[in-house]
Structures are given as C-alpha cells and as structure tokens.
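Trainee: model this:
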Amino acid sequence: MSLVPWGIWASSGGGGVPAFLSSAPLWLDASDSATITQSDGSVSQWNNKGTLENFVQDSGSLQPLTGSATINGLNAIQFSADIMGASTASDWAFLNNGETYFFAIVLRTPTDKFVNFATQSASAGVGAQFLLGNYYTFFRIFRGVGGSYINVDLGDGAVGTSAIIYSGLSDADSATASEKAQLRINDGSASTNSNNVSPSTSDPGYAFRIGLEDSDLLGDLGEVIIVSGEDATETNRQLVENYLNAKWSVF
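Mentor: You can find the predicted model right below:
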C-alpha cells in the first residue's frame, strides 16, 4: 500500500490542521516522515512537532518500527514491547499540577494488549497515565498524596483491527469533581471521574513516555497530541478529534 503524505491529502479537500497544534506541548505525527529518524525501519528518534522535547530510544531492542504498518494508508509507528520518551521530567509537570489540558491519540491495538502513555505508573507517585487498550482503558492523574489520584476508567476498551481515537480532558478548576477529568472513545459520550484530589506541584516520576518496562504493549500508533493552557478547551478538543478522524478515517 502506498503512503499518502498528509499535506497532499489535506490540500485535496481532506481538511486542515488546527493552527494551535504548533504551540502544543506534544504533537507526534507518524505520517510525517521528516520527523522520524530510523535505520532499517527501527526508530531511534521521533521529533515532536510541538514545543517540548523529541522522543528517543537509543537501545535497538526497544525501538519501534516505521514503514511496516499503516492506518488509512498513512504510516503508523508499530510498537511491540517498545519504549520511546522524553528526558526532562519537569517539562511534564503540567500533567499533574492543575493546568488544564487535553490529549488525543490515534491507536490500533489487537485483542488483549494495551499501550501505556505515562509520566508515572504507580498511584503513590506524582504524574499522569493514559492506559489504552483491551485490558484497561483509563486516564489517571496521580497527586502523590496518600496514594490518591483522579481516575476515569472505561473498563475493557474497544480493540481490534480498527483504529480508535482516545481523548481526555483534565480541568482541575472545574466546579464539580465529575468534570475535572473526562475520557472518551472516538466521538462517544465522555466518562468522568468520581473523586477529587488537589493538584500536586511536584515534578512527575519521569518524563512523558510511550511504553513502560513492566507493560506488555503492542499497537500501531498514528498520532499523539497534548494541548495545554488557554488552547485546552472542549471546543478545541473537538476540533482535534475532527482533524484526526478526517485524516486517519477512524469512525
């Protein structure tokens, strides 16, 4: 299957890219070959089109693959117990310190597998975790206070041969606990959390990464976006969802 550059697809009537994405903290786009450093298909660096660090993996045994999987004819990064991540934990403190943000991820996972996006994997620490797939589908913000965290859990995720857009919104200033964090699959209704824990100003356990050493992860990843601050509105989350769906033809 030939790969279709997104820029060409968009200019031919596919839709546009939201302007605020260039100032987002994270924007990883597997369809943009210029952002991928690879050798024989093994990816050692995936450049962030947003404002924070690029994602790297120096160990060949943990490098995901490019050029071996597609979603809607566009290149996807194939993870198979692989890990990529940034290196500066303090850059990602906004995920747990109360700043408003949303994330959106295009991912295809087979049955009984999942992909872990996190700055912390244990509730006793500080950070955030998006665990997406069949075993679990949840969005957790760890506050580091008595093991407490904000949690949105969708239970068993919808997985299989089709890609999914997972998106979540964190708004610590929301008036009600149930609206402080939301998670949804594709354009479905949002699931919300039922607890309320004060934000932590500490740095997360580690810099944001895709995959963890203790996670069995497998999946094809198309795009990862995190938008924070003034741009992190529900209206903009929907714009990103629409952009990703038009591009990757998810639902």
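
Trainee: Let me see the contact set for the closest residue to Gly211 other than its chain neighbours.
Mentor: Leaving aside its sequence neighbours, Gly211 sits nearest to Ile83 (CB to CB, 6 or more residues apart in numbering; 3.8 Å). Using the backbone N, CA and C atoms, a C-beta is placed for each residue, glycine as well. Residues near Ile83 by CB atoms under 8 Å, 6 or more residues apart in numbering: Gln57, Leu62, Arg209, Ile210, Gly211, Leu212, Glu213.

Trainee: can you tell me which of the residues you listed are in strands?
Mentor: Arg209, Ile210 (DSSP state E).

Trainee: of the contacts of Ile83, buried ones?
Mentor: Gln57, Leu62, Arg209, Ile210, Gly211, Leu212 (16 or more other CB atoms under 10 Å).

Trainee: Closest one of these to Asn236?
Mentor: Using CB to CB, Ile210 is the member of those that lies nearest Asn236, at 22.8 Å.

Trainee: Next, work out how far apart the residue lying closest to that closest one once chain neighbours are set aside and Pro25 are.
Mentor: Distance criterion CB to CB, 6+ apart; nearest residue to Ile210, sequence neighbours excluded, is Met84 at 5.0 Å. If you measure Met84 against Pro25 using CB to CB, to the nearest Å, the figure is 16 Å.

Trainee: for Asn116, same thing?
Mentor: For Asn116, the distance to Pro25 - CB to CB - is 19 Å.

Trainee: These two: which has the busier surroundings?
Mentor: Neighbour count, other CB atoms under 10 Å: between Asn116 and Pro25, Pro25 has more, with 24 against 21.

Trainee: Quick check: pLDDT value at the more buried one.
Mentor: Per-residue pLDDT puts Pro25 at 97.

Trainee: ok, so what distance separates it from Glu179?
Mentor: Applying CB to CB to Pro25 and Glu179 gives a distance of 22 Å.

Trainee: which secondary element of this protein has the worst mean pLDDT?
Mentor: helix 6-9 (a mean of 44; mean pLDDT, DSSP states H and E).

Trainee: What is the helix or strand that that one is followed by packed up against?
Mentor: Counting by DSSP states H and E, the element after helix 6-9 in chain order, helix or strand, is strand 26-29. If you count contacts as 3 or more CB pairs under 8 Å, 6 or more residues apart in numbering; DSSP states H and E, strand 26-29 packs onto strand 218-228.

Trainee: Need the residues that contact the helix or strand following the strand it packs on.
Mentor: Using DSSP H and E, the helix or strand that directly follows strand 218-228 along the chain is helix 234-248. For helix 234-248, contacts defined as CB under 8 Å, 6+ apart pick out 6, 9-10, 14-18, 20-21, 31, 71-72, 74, 102, 104, 106, 163, 165, 167, 169, 186-187, 222-223, 225, 227, 250-251.
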